[in-house]
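Visitor: The following comprises the amino acid sequence and a computationally predicted model.
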Amino acid sequence: MSSKMMLMANSLTHVRPLTCAAAAAAAVYPSRLVAQPPDLIKWVKIEGGFVQKSIKIAQGDSFGLGLVASEDIPKGSDLIALPQHIPLKFDGSSSESENSHSALIKLAQHVPGVNWKLGAFDRGAVGYEIGFEASARESKERFVLVAIHQQSPRDLLSADFLSWRGYKELAVNKRCRFLLEFEKILKHELENLKPDDHPFSGQDVDSSALGWAMSAVSSRAFRLYGSKSPDGTRSNAPMMLPLIDMCNHSFDPNAEIVQEEANSDRNMLVKEIKQNDPLLLNYGCLSSDLFLLDYGFVIPSNPYDCIELKYDAALLDAASMAAGVSSPNFSSPSPWQQQILSHLNLDGPNSDLKVTLGGGELVEGRLLAALRVVLSNDEEAMKQHDLETLKSLTVEAPLGISTEVSALRTVVALCVIALGHFPTKIMEDESLLKQNVSPTTELALQFRIQKKSLIVDVMRDLSKRVKLLLAK
Ligand SMILES: C[S@@+](CC[C@H](N)C(=O)[O-])C[C@H]1O[C@@H](n2cnc3c(N)ncnc32)[C@H](O)[C@@H]1O
């Protein structure tokens, strides 16, 4: 496997190799690095990997440590190649017989897909990256949770991602619930193990420690192809790529990861990188929720952000009436409307009622089609269109201008209702941001501002469309 890099990035003003950066980092991240952090680049080379000679680890202005080019790197150069044994991955099918290892595999089987990043990883390189000593590398595949039990690990990355406390404050209930559940499973699975078989040397692991581990891993993990199964297919596998994961994120990256089929190692190739440019990867076209949860930062004006709403008939009736529709019938759709709602998976026993605003689609197609259909009385007009047409905002007013205006105004009213659920206004958040708030509060405020701005943008766009329709 290789990783390809593409160019363009801003210059960093400070460029220091890791050893020098350690002191600087210590000032910014007081507890993150141990006094004499091992040289990660040297380690990758000793392990048989390749690192382009101009690549250095340096302290950036705002995103912590990162990779920087100390001189121009020509287009097409390989940047980093990791030999196959370096990426930290877990596929659950290891034939490892060591008991403490099998206990971990068993535990990992309780981790659902959504929490895939809490998988098992070799602790060696994780240890290297966050400053553990070399002995950590001797272990075989390990749950990254073991990192919890190394020296003072909980503080090591604390400035790097949203703290577990932050998770609680922001009420990210799903993950909290999972971690609390997993804590119970873990205690149950490990209670009768002999000390030698215990994966965490007999130490207690609570949900707070699990939260730390999840944050530590999720901010540095990638989803790539796993190993080939006998039938030749390849599943996705979560992996940690030491050194490559020192790249910070940009939606306009100058680097990308490419997996080479042939030898399963990883490179980073560049088109062209100028001296002092940071090497930037796109972590993914993710919503603010995922950036915040998995990486602990918020991107202002994130074009991939969206808000989630529940398709709720009573709420839609209320929104529609607020939008001036006299008697909306979301709560009592006629049979033909109900049939379409079930085709849209918004009605029926296994329906998926989560709909979104913003992101790629301004109004999620399913919601738009439902609004158009329920707000229309014209079954014949509806029959002239297929579902895809009804779901598309680029198809203008397929069921007539009056239905379209009602549908779009209903979404605007939904936005007003959604905004009303926030305890503050954008301006209040902005002035709070100017006060001396904690990093976690700052993140929460940025997140809230981003969400509210998104709703306001959707409202503006839809109101403009309504005006244009009315002008016709
Ligand atoms: C994979 S690590 C990158 C290396 C990291 N900066 C370090 O010091 O080790 C991901 C973390 O870098 C930081 N980061 C990366 N890109 C960022 C961005 N565009 N804005 C803010 N923080 C960013 C976040 O703390 C994130 O959790």
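Guide: Right, received. Where do you want to start?
Visitor: Quick check: residues of the protein near the ligand?
Guide: 63-66, 160-161, 219-220, 245-246, 248-249, 295-297 (Cβ under 6 Å from any ligand atom). For glycine as for every other residue, the C-beta is placed from the backbone atoms N, C-alpha and C.
Visitor: so which of those residues is the most crowded?
Guide: Of all the residues of the chain next to the ligand, R220 has the most neighbours under the rule other Cβ atoms under 10 Å, reaching 27 neighbours.
Visitor: Which residue ranges make up each domain of the chain?
Guide: 18-85+241-295, 88-221, 306-471 (automatic domain parsing).
Visitor: Tell me which of these sits nearest to S229.
Guide: domain 88-221 (9.2 Å; Cβ to Cβ).
Visitor: Show me what the mean pLDDT comes to for stretch 460-469.
Guide: Average pLDDT, stretch 460-469: 97.
Visitor: show me the contacts for the closest residue to R448 other than its chain neighbours.
Guide: Leaving out its chain neighbours, the residue that sits closest to R448 by Cβ to Cβ, 6 or more residues apart in numbering is D429, at 5.6 Å. Counting by Cβ atoms under 8 Å, 6 or more residues apart in numbering, D429 makes contact with L445, R448, I449, K452.
Visitor: if I look at D429, how far off is the ligand?
Guide: Per Cβ to the nearest ligand atom, to the nearest Å, D429 is found 19 Å from the ligand.
Visitor: Could you do I417 as well?
Guide: From I417 across to the ligand, the span is 32 Å (Cβ to the nearest ligand atom).
Visitor: Could you check how far that residue is from V411?
Guide: 11 Å (Cβ to Cβ, to the nearest Å).
Visitor: Secondary structure element holding the residue nearest to R448?
Guide: For D429, the host element (DSSP states H and E) is helix 426-434.
Visitor: Is it correct that I57 falls within a helix?
Guide: No. I57 sits outside any helix when classified using DSSP: H, G, I helix; E, B strand; the rest coil, being strand.
Visitor: Quick check: it touching S70?
Guide: No. Using Cβ atoms under 8 Å, I57 is not in contact with S70, being 10.7 Å away.
Visitor: And those two? Which one has more around it.
Guide: A count of neighbours by other Cβ under 10 Å puts I57 above the other of I57 and S70, at 24 against 16.
Visitor: partners of the more buried one in the sheet?
Guide: Beta bridges link I57 to L67 when assigned by DSSP bridges.
Visitor: give the contact list for C415.
Guide: For C415, the contact set (Cβ under 8 Å, 6+ apart) comprises L357, I455, V456, V458, M459, L462.
Visitor: no, scratch that, I was asking about Q52
Guide: Going by Cβ under 8 Å, 6+ apart, Q52 touches I73, S77, D78, L79, I80.
Visitor: The second one and the ligand, how far apart?
Guide: In other words, S77. Distance from S77 to the ligand, by Cβ to the nearest ligand atom: 21 Å.
Visitor: Please shift the residue numbers so they start at 541 in all later answers.
Guide: Right, with 541 as the first residue, what we last looked at is S617.
Visitor: Now for that residue, how many residues are close by?
Guide: By other Cβ under 10 Å, the residues close to S617 number 20.
Visitor: any idea how far I813 is from it?
Guide: Distance from S617 to I813, counting by Cβ to Cβ: 8 Å.
Visitor: where in the stretch 641-790 of the chain is pLDDT low?
Guide: Along the stretch 641-790 of the chain, segments meeting pLDDT under 70 span 641, 651-714, 765-768, 774-778.
Visitor: what about 90?
Guide: Scanning the stretch 641-790 of the chain for pLDDT under 90 picks out 641-723, 725-786.
Visitor: Tell me the one of the contacts of D969 nearest K585?
Guide: L985 (42.5 Å).
Visitor: A strand includes the closest one, no?
Guide: No. Secondary structure of L985 (three-state DSSP): helix, not part of a strand.
Visitor: ok, it - contacts?
Guide: Shown in contact with L985 (Cβ under 8 Å, 6+ apart): D969, L972, L973, V977.
Visitor: what about D771, is that helix, strand or coil?
Guide: Following three-state DSSP, the label given to D771 is coil.
Visitor: how deep is it tucked in, by neighbour count?
Guide: D771: 5 neighbours (other Cβ under 10 Å).
Visitor: and it, how far is that from N890?
Guide: Separation of D771 from N890 (Cβ to Cβ): 30 Å.
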